[in-house]
Each structure stands twice: as structure tokens, then as C-alpha cells.
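Asks: Please find the sequence and the predicted model below.
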Amino acid sequence: MQELTVTDRPRTYNVLNILMKFHAFPEEVQGKYLLVECTVPVGAGAPPNHHAGETEAFFVLDGQVGFMVDGEEILAGAGDFVPVPDGAVHAFQAVGDKPARLLILNAPGEMHDAFFTGLGTPLPEGQTDLPDPVEPDVAAIVAKATETGMTIVPPQPAA
């Protein structure tokens with residue numbers, strides 16, 4: 001039986017006002033995936049983005065999340081699974097009257113690990129309260145995305 005390797009690095013972060021708890025970093029699971037549990041305040045989420053070479057999927061644990069995947073709008077609630085095809089433009093935002101909780105699975109995960117932990121701020125281990133909201137630094141988000149191989153899709157003007 002293979003021995004479990006757990007890295008000695010922070011596991012709880014504030015990323016875009018989202019409380020992220022990292023359950024598995026890629027280096028702990030033979031470079032296969034990244035597994036993150038998120039508590040997302042209403043109105044927070046991820047801007048439209050895409051990334052080739054890294055598959056992403058979401059499982060909603062609690063609350064409601066509005067997703068956009070390749071132009072299709074999806075309202076997901078507890079128990080819903082939302083896969084994102086490799087390279088598809090996608091975004092999400094917590095909606096409703098309470099924060100949403102979801103699991104994010106990225107495979108193989110190195111890109112998202114570098115983006116989330118590089119952009120985020122480590123929080124005390126065991127923190128379950130949402131961080132105080134701050135205005136996201138759009139330039140820093142775009143720079144970190146570019147550095148890690150992601151593309152943030154600029155908002156389209158209204159027709």
C-alpha cells in the first residue's frame with residue numbers, strides 16, 4: 001500500500017472573498033487532482049474564464065450557485081453536479097439568501113493550485129467564518145491568471 005503524503009503548507013485561504021479549504025493538493029495525490037471545499041458569499045464567485053489542459057467540476061453542497069458554461073446558464077442547488085469541459089468558458093456566482101458551499105475538483109490541478117494559492121491570502125487553519133469582503137484587484141487577478149495559463153474573459157458590452 002502506498003503511503004499517504006500530506007504537504008506542510010497552508011490549507012485555508014481567502015480567494016476572491018471565498019473561503020477555500022484545500023482537501024487535496026496535486027502533489028498529495030500523485031499529480032492527479034486538486035480538491036477544494038468553498039464557502040461562497042452571495043454575490044461572490046469566479047469571473048468568466050477558460051483554461052486548456054485542466055478539467056474542472058463543481059458539486060454544490062449547500063445553497064444556490066448560478067453557473068455559466070459555454071453560454072448556457074445553470075442554476076444549481078444542493079446535490080447538483082456541474083462539469084466544465086476542457087477549455088470551456090465558464091463562471092459562477094453564489095445566489096439566493098445565504099452563502100453557498102461547494103466542492104471544486106480540478107484535474108490535474110497544478111494550474112488551479114498555483115492560481116488559487118498565488119492569488120489568495122492564507123487564513124488560520126480551522127477558520128470557518130467568511131473573510132471580511134474586499135474589492136477584488138482585477139489587475140492582479142488577470143496577471144495571476146495569465147501567469148498560470150488561464151484566460152479571464154473581459155465583460156462584453158451590452159447590446
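Replies: That came in fine, so what should we check first?
Asks: CA only for contacts and neighbour counts going forward, please
Replies: Fine.
Asks: Tell me which stretches of this structure form helices.
Replies: Under the criterion DSSP state H, helices of the chain are mapped to 110-119, 138-148.
Asks: if I pick the residue sitting nearest the centre point of the chain, what's in contact with it?
Replies: In the chain, the residue lying closest to the centroid (CA atoms, centre = their mean) is I104, at 6.0 Å. With contact taken as CA atoms under 8 Å, 6 or more residues apart in numbering, I104 is in contact with L34, L35, V36, E37, C38, E56, A57, F58, F59.
Asks: what's the burial count for the third one?
Replies: V36: 22 surrounding residues under other CA atoms under 10 Å.
Asks: Identify the spatial nearest neighbour of it, chain neighbours not counted.
Replies: Once flanking residues are discounted, V36 sits nearest to F22: 4.5 Å by CA to CA, 6 or more residues apart in numbering.
Asks: What pLDDT is listed against that neighbour?
Replies: As predicted, F22 sits at a pLDDT of 98.
Asks: For it, give its distance to E135.
Replies: In this structure, F22 and E135 are 23 Å apart, going by CA to CA, to the nearest Å.
Asks: These two: who's more crowded?
Replies: F22 (20 against 7).
Asks: Surely that one and T39 touch.
Replies: No - assessed by CA atoms under 8 Å, F22 is found out of contact with T39, at 11.8 Å.
Asks: Quick check: neighbours shared by those two?
Replies: By CA under 8 Å, 6+ apart, no residue touches both F22 and T39.
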